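Q: Here is a sequence together with a model predicted from it:
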Amino acid sequence: MLTEFGKIFIFIIIAILFVGIAILLSKLIRPKRPTNEKLTTYECGEEPIGTPWVKFNIRFYVIALIFLIFDVEIVLLFPWALSYKDFGIVGFLAGIIFLIILGIGMIYEWRKGDLEWDRPKINSFNKDKQEVEE
Amino acid sequence: MELVNIFEGLTYLKPEITLGIGLLLIVLLDLFINKNKNVLHFISLAIILITGYFVLEQSDVSKAFLPISTQTDRNFGMLTLDAFGIYFKILVLLGSILLVFFSITSAEVKSVNNRLGEYYALILGMLLGMMLMISASDLIMVYLSIELVSLSSYVLAGFTKLRSRSSEAALKYLLYGGTASGIMLFGISLLFGITGNTNLYEIHKVLISAQVNSLTFSTAIVMIFTGMAYKISAAPFHFWTPDVYEGAPISITAYLSVASKAAGFALLIRFVKTVFVMFSEQNGDWNLIPIFDWQTFIIVISILTMTLGNFTALWQNNLKRLLAYSSIAHAGYLLLGLTVLSDKGILAILIYFTFYLIMNLGAFYIVMLIADKTGTEDITKLKGLGHSSPFLGTALTIFLISLVGLPPTAGFIGKFYIFVSLLDSKMILVAVIALLNTVVSLYYYIKVLKYIYLVKGDKIETIPINYSNYIVIITLLIPTILFGIYFTPIVNLANKCVLLLNNL
Amino acid sequence: MNIYDIIFYLFAGITIISGFLVVSVKNIVHAAFYLLFTLFGIAGLYVLLGADFIAIVQIMVYVGGILILILFGVMLTNKIVDVEIKSESFQVIPAIIFIGILMGGLVFLMVTTNWENNELIIPLTTTKILGNIILTDYILIFELLGILLLIALIGAATIARKDKV
């Protein structure tokens, strides 16, 4: 007897094995001739500048926070979506009120400009470059 | 389908629905009012007043359980509506109305005037949480309402984020609060595991009929108590109080010290009363299910709370910190009312809390006026306040005397009822300890008075006050003195509410 | 020992070992990634308990949301670029004693208590049942969660937003 989750479990195990075996096999059979050039981080062919550990812009965090809250909202809507039909108009309204409350949150974020991505100031060199690109 | 059933339930929920709609209204209005944000003060005031009207309208309801569900077969629900809850709701609403007046005056709130919409949205959210906390009779509702109150108050504590102290307060509050509510949730899960129910009335039934493992049960109760003790800042869960009270904007500090505490006490009393009390005797003494020794437990907590609060207050030089420790001590006195485990104790708590609300808000209001003008909350900077601003000096004196509990102020009557209820239950030793604590507290309140009147030196400048400030102070001052002499109406009202708590 | 037991110990092992690594590794970023395995292991345990919806929530919200937020938090707080991000452990012995007592106590309670358990047949999928409960007994809670999320949204945005002074 295999439940749906049993299938998912087998899928996960196969996925892990697939990646693991592929990496292990290639490690065993590939030639190893490291040079300085090969060991640098691959950045689309450009010379890597600085470390990858840069301080993130706070905007990422705000967006992630907003995402998280709406994520929870979606999760709460799953059970509602499955069963609202059995409850007639009451069930429908319950979900709609919930959505309106969160919708007001969305309007709030929008009007307050939290969803706008304020771009860093473009200096003249980049600006020219951007105009060329456009 | 069962539309009628839902609507019937909703009529009992008018105050909460008003608050919810008001909250959404404030959020929306804030987006479209760009110039004159001050109008939000008055809109919020109107929302609170309408809510208050609906709460008063319910005062003839003797007792109602609100399942608010589409099913009819459930007897008890998420919320219980009774006179006891209405009494506390009125207290919380009074605190909120005064908070609006605090906010209109406060310089700290003015400095964040462009975020006034968020400020009131969070306050209304907190108020909604407290109203639900007061009438919650299901552990899920208890947890959710506590979270609603906590979330709003974390943000409000750090609302003036340009001050690093304020951010520190918010972060500390969040860390302690998160831990406390985590422990509480674990306790709730244990309790659910033992009894198979989250409804307080159902748990009560299970406890009467079946044998449960008392050790596990006690662990669960202590864990749940942690969450409530955190809200009323009882020791040993009081560490956040001084830092948060000092760092938060004064209006919020004042609000946290009365409203959030009121909700916490209401929840604690309802929890004990609903789950543990089998029946009340003729003289008001409770017969408890002998599975958890509430009396010893609360005596220890309350003595610890007031002693720690009072003794630490002795060394404070910051007025807000001093009032924070004093509020911890007051939580200790209030808990004493619960130790006697009788209706008299609850009566004493109701009376004490009413007076505590008035006098504590009064003291905070004057501290706010002073801090706004001088930019300091240091006690030693108050030199000669009684001479340069005689009205403020006198008012602060009266509020502080009332906080000590000396006659002829309201604070005396509150303490008097607590002590009488203790003596009635023959808990003389506890009463003596409480009395000694009051003596200790006298010292630090008098220290403030000493600086106001007696210490010579550079005088503090005159604090300008306008008519609205006068009106707020006088409305707080009159009951502080009046109830010290003529307190029968409050006692009668509280008595009525306590009696109604009994009939299930 | 049937197949369910083996899977249970597998997930429990993943949870405990990676949970231990979260608190013991020096590099905060590595700790955050070990947290992923802890949360994943717990999701597996939920599935074994028949709480499939909770498991999905665990994956969606914790792994997909909160963990990302934690990683952003680590990257945001790292002020000086070149310094290794490290966390130290203090007071190891008192912590071990305290945790040991706490764990011992909880395990003791868990073993000795007569838990209230209804011998229900665990349904294949719980989401629809949850939906029915949400729309009957917990309809008030459902709407209140909306308000709670709104408050959280406003609060988070207020704190994180840069003030235009």
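A: Nice, thanks for sending it over. Residues are numbered from 1 along each chain as shown, chains lettered A, B, ... in the order given.
Q: Residue C:154 and residue B:408: what is the separation?
A: Per CB to CB, to the nearest Å, residue C:154 is found 45 Å from residue B:408. Using the backbone N, CA and C atoms, a C-beta is placed for each residue, glycine as well.
Q: So residue B:80, which state does it fall into?
A: strand (DSSP: H, G, I helix; E, B strand; the rest coil).
Q: Could you check how far it is from residue B:131?
A: Distance from residue B:80 to residue B:131, by CB to CB: 13 Å.
Q: So for the two, which sits in the more crowded spot?
A: residue B:131 (28 against 24; other CB atoms under 10 Å in any protein chain shown).
Q: and the residue of the stretch 1-150 of chain B found nearest chain C, how many residues sit next to it?
A: Using CB to the nearest CB, the single residue of the stretch 1-150 of chain B nearest to chain C is residue B:125, 4.2 Å away. Number of residues near residue B:125 (other CB under 10 Å) recorded here: 29.
Q: Go ahead and confirm it touches residue C:151.
A: Yes: at 4.2 Å, residue B:125 and residue C:151 qualify as touching, with contact defined as CB atoms under 8 Å.
Q: Next, show the common contact partners of those two.
A: Counting by CB atoms under 8 Å, 6 or more residues apart in numbering or on different chains, the residues touching both residue B:125 and residue C:151 are B:148, B:151-152.
Q: Look up how far residue A:112 lies from residue B:89.
A: 32 Å.
Q: Tell me the residues of the stretch 201-350 of chain B that contact chain C?
A: B:206, B:212-213, B:215-216, B:219 (CB under 8 Å from any CB of the partner chain).
Q: Drop anything exposed from those.
A: B:206, B:212-213, B:216, B:219 (16 or more other CB atoms under 10 Å in any protein chain shown).
Q: need the contact list for residue B:448.
A: B:319, B:322, B:379, B:382, B:396, B:400.
Q: ok, back up a step: who's more crowded, residue B:89 and residue A:112?
A: Higher neighbour count among residue B:89 and residue A:112: residue B:89, with 28 against 18, using other CB under 10 Å.
Q: Residue B:59 versus the more buried one, what's the distance?
A: Applying CB to CB, the value for residue B:89 to residue B:59 is 10 Å.
Q: Check residue C:11 too.
A: 54 Å.
Q: Which of these two has more residues huddled nearby?
A: residue C:11 (20 against 15).
Q: Buried by neighbour count: which residues of stretch C:4-13 qualify?
A: Going by 16+ other CB under 10 Å, stretch C:4-13 has these buried residues: C:7-8, C:11.
Q: Over to stretch B:274-289?
A: So stretch B:274-289, judged by 16+ other CB under 10 Å, has buried residues B:274-277, B:280, B:284-286, B:288.
Q: and the residue in chain C positioned nearest to chain A, how many neighbours?
A: Residue nearest to chain A within chain C: residue C:131 (3.1 Å; CB to the nearest CB). Residues near residue C:131, counting by other CB under 10 Å, number 25.
Q: can you give me the helices for the chain?
A: Just going to use chain A. Remark: helices assigned in chain A by DSSP state H are A:4-29, A:36-39, A:58-83, A:88-112, A:124-133.
Q: actually chain C
A: Going by DSSP H, chain C shows helices at C:3-24, C:28-48, C:52-57, C:67-77, C:92-112, C:127-135, C:139-160.
Q: most tightly surrounded among the ones you listed?
A: helix C:139-160 (a mean of 22; mean count of other CB atoms under 10 Å in any protein chain shown).
Q: and the angle from it to helix A:58-83?
A: Between helix C:139-160 and helix A:58-83, the angle comes out at 170 degrees (axes from the mean of the first three to the mean of the last three CA atoms, to 10 degrees).
Q: Could you double-check that residue B:266 lies in contact with residue B:131?
A: No: counting by CB under 8 Å, residue B:266 does not reach residue B:131; the two are 9.9 Å apart.
Q: Tell me the one of the contacts of residue B:448 nearest residue A:10?
A: Looking at the contacts of residue B:448 and their distance to residue A:10, the nearest is residue B:322, at 65.2 Å (CB to CB).
Q: The closest one: what's it in contact with?
A: B:313, B:316, B:379, B:444, B:448.
Q: Residue B:310 versus the closest residue to the first one other than its chain neighbours, what's the distance?
A: The reference is to residue B:313. In space, and not counting its chain neighbours, residue B:313 is closest to residue B:325: 3.6 Å by CB to CB, 6 or more residues apart in numbering or on different chains. When distance is defined by CB to CB, residue B:325 is 7 Å away from residue B:310.
Q: Same question for residue B:463.
A: Relative to residue B:310, and taking CB to CB, residue B:463 is found at 29 Å.
Q: more crowded one of those two?
A: A count of neighbours by other CB under 10 Å puts residue B:310 above the other of residue B:463 and residue B:310, at 24 against 19.
Q: pretty sure that one contacts residue B:329?
A: Yes: in this structure residue B:310 lies within contact range of residue B:329 using CB under 8 Å: 4.7 Å.
Q: residues touching the closest residue to residue B:285 other than its chain neighbours, list them.
A: Setting aside the residues directly before and after it, residue B:285 is nearest to residue B:342 in space (CB to CB, 6+ apart), at 4.4 Å. Shown in contact with residue B:342 (CB under 8 Å, 6+ apart): B:280, B:283-286, B:421, B:424-425.
Q: Which one of these is nearest to residue B:349?
A: Closest approach between the contacts of residue B:342 and residue B:349, by CB to CB: residue B:421, at 8.9 Å.
Q: Tell me which residues touch that closest one, please.
A: Taking CB under 8 Å, 6+ apart as the test, what residue B:421 contacts is B:337, B:340, B:342, B:344-345, B:347-348.
Q: Tell me the pLDDT of residue C:140.
A: Predicted confidence (pLDDT) for residue C:140: 86.
Q: And for residue A:101?
A: Residue A:101 is given a pLDDT of 93.
Q: Which residue ranges make up the domains of chain C?
A: For chain C, automatic domain parsing gives the domain ranges C:3-88, C:124-165.
Q: got those domains as TSV, with distance to residue B:55 columns?
A: Shown next, in TSV, are the domains of chain C (distance: least, CB to CB, whole Å):
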stretch	distance to residue B:55
domain C:3-88	36
domain C:124-165	18
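Q: Now distance to chain B too, for those, in CSV please.
A: Output for these, formatted as CSV (distance: least, CB to the nearest CB, whole Å):
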stretch, distance to chain B
domain C:3-88, 13
domain C:124-165, 4
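Q: Which one of the ones you listed lies nearest to residue B:490?
A: If we rank the domains of chain C by CB to CB, the stretch that ends up nearest is domain C:124-165, at 32.4 Å.
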